[in-house]
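> how does the following fold in three dimensions:
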Amino acid sequence: MNDDNSNETDKPRSATIVDVAKRAKVAIGTVSRYLNGFPIRRANREQIEEAIQALRFKRNAAAVAMKTDVTHVVGLLAPSFDEFHGAMLEHLSRALRRDGRALLIYCHGGDTRLMEDGLDYFSTQRIDALVMSGVAHLFDRVDQLIEGGVPLILYDNDLAGLKADRVFVNNREAAMHAVRHLLDIGHRRVGIVTGDLSDSAANERYLGYCDALTERGLPVDQQYVAPGHWSILGGTDATRRLMSLRQAPTAIFSSNYVMAAGVLRCFKDAKIRVPDDVSLVSFDDPPLFGLYEAGITVVAQPINGVAQTIADVLERRLRSARETPFGTTSLRCDIILRGSTRPV
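A predicted model of the protein is given here:
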């Protein structure tokens, strides 16, 4: 009897994907990508193949089969937990919970390596779908996830050409209405602080700015176009450049609230008063804008509506055939007039 127990105890343990990753000195997600047929770097592939052979690793057929099961878990690849994305997380989590689903979150903070690690992480998880704001250089990696059977929903920023559902706001039209308001009250030198124009959201808002000027027969003067790179510091630097012009703008449109905070910082440092000296309109409506002394005129995104629409689109996608045509939903933004603009 003792001999039998000894034989059971001495029976070698089967190697796992963790063992392979450890021996090959790569991430678990990289091994998973190899096993699922996705392309990886040649050096990694050779190390993984050597580890598999040395460890006599055999893939667990039951684990593979489990991948086809519905888990009611949705992945969210988020750039940050700022006012916009943090609110999106809260509303989306609540909307999915009502449908019996949970949200699995990976925040990359704009770091390229963390973005790729996040996709590797999701590739190892049994998620039913992935929700993310598009990032151009991730196109191939995301496309591989889609080909592997993971439905994708894009919000905030597009990745053109991907087989995905999309939920956006009417960036171009909303920006046009915001700039049109400034033109209606007499401003002719209107500056814009843009995001990165390679991003669809930034480009659409810039085009809306151009549309409003063109509609009134005004030229789009590039000296009034200043990149703010979606950051407070970028917004500050862009505003300094605009306000140093010989004919400085009498109004500024900021493409998001983060850069608008940079605009306000520059104004404070230079003792420029809003709206007495310069009018200001911003895309996005964080709570503090309503508490600012003058109150900031904004383009308010329907964040709750975007989140609920994502949940609805996801529900339809998962309940219907995966071959159902992909769609784009565009939600309307509201212009909220406060005290940061005045006629000239």
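
> could you use CA atoms for every contact and neighbour count after this?
Fine.

> okay, helices next: where are they in this protein?
For the chain, applying DSSP state H gives helices covering 2-10, 17-24, 28-35, 42-55, 61-66, 83-98, 112-124, 139-147, 171-184, 200-215, 232-243, 257-270, 287-291, 303-319.

> what inclination does the second one have with respect to helix 28-35?
Think helix 17-24. Comparing the axes of helix 17-24 and helix 28-35 via axes from the mean of the first three to the mean of the last three Cα atoms, to 10 degrees yields an angle of 100 degrees.

> could you give the separation of helix 17-24 from the chain centroid?
In this view, helix 17-24 has its centroid 32 Å away from the chain centroid, taken as Cα atoms, centre = their mean, to the nearest Å.

> and the residue nearest the centre of the chain, backbone torsions?
Central residue of the chain (Cα atoms, centre = their mean): residue 133, 2.5 Å from the mean position. Torsion angles at residue 133 (phi, psi; degrees, to the nearest 10) stand at phi -90, psi 130.

> can you check residue 294 too?
Backbone geometry at residue 294, expressed as degrees, to the nearest 10, gives phi -80, psi -20.

> just list the residues touching it, thanks.
Applying Cα atoms under 8 Å, 6 or more residues apart in numbering, we find residue 294 in contact with 274, 275, 338, 339, 340.

> which of these sits closest to residue 264?
residue 274 (8.6 Å; Cα to Cα).

> which residues touch the residue lying closest to residue 57 once chain neighbours are set aside?
Spatial nearest neighbour of residue 57, chain neighbours left out: residue 15 (5.3 Å); criterion: Cα to Cα, 6 or more residues apart in numbering. By Cα under 8 Å, 6+ apart, the contact list for residue 15 reads 55, 56, 57, 58.

> got JSON lines for those, with neighbour count too?
Shown next, in JSON lines, are those (neighbours: other Cα atoms under 10 Å):
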{"residue": "55", "neighbour count": "15"}
{"residue": "56", "neighbour count": "13"}
{"residue": "57", "neighbour count": "16"}
{"residue": "58", "neighbour count": "12"}
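
> lowest pLDDT pick from the residues you listed?
For the contacts of residue 15, the weakest pLDDT value sits at residue 58, with 76.

> gap between that one and residue 52?
8 Å (Cα to Cα, to the nearest Å).

> any common contacting residues for the two?
In contact with both residue 58 and residue 52: no residue, using Cα under 8 Å, 6+ apart.

> ok, residue 214 - contacts?
residue 220 are the contacts of residue 214 under Cα under 8 Å, 6+ apart.

> what's the neighbour count on the residue found closest to residue 232 once you drop the neighbours it is linked to in the chain?
Nearest non-adjacent residue to residue 232, counting by Cα to Cα, 6+ apart: residue 262, 4.2 Å away. The tally of other residues near residue 262 (other Cα atoms under 10 Å) stands at 25.

> give the contact list for residue 262.
Residue 262 touches 231, 232, 233, 234, 235, 236, 237, 239, counting by Cα under 8 Å, 6+ apart.

> thought the fourth one was touching residue 226?
No. Residue 234 lies out of contact with residue 226 (Cα atoms under 8 Å); the separation is 9.2 Å.

> circling back to that earlier point, possible to save the contacts of residue 15 as JSON lines with distance to residue 209?
Output for these, formatted as JSON lines (distance: Cα to Cα, whole Å):
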{"residue": "55", "distance to residue 209": "61"}
{"residue": "56", "distance to residue 209": "61"}
{"residue": "57", "distance to residue 209": "58"}
{"residue": "58", "distance to residue 209": "58"}
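
> what pLDDT, on average, does stretch 90-106 get?
94.

> first-to-last residue distance for that stretch?
14 Å.

> quick check: buried residues in that stretch?
Neighbour-count burial for stretch 90-106, with 16 or more other Cα atoms under 10 Å as criterion, is recorded at 91, 92, 93, 94, 95, 96, 101, 102, 103, 105, 106.
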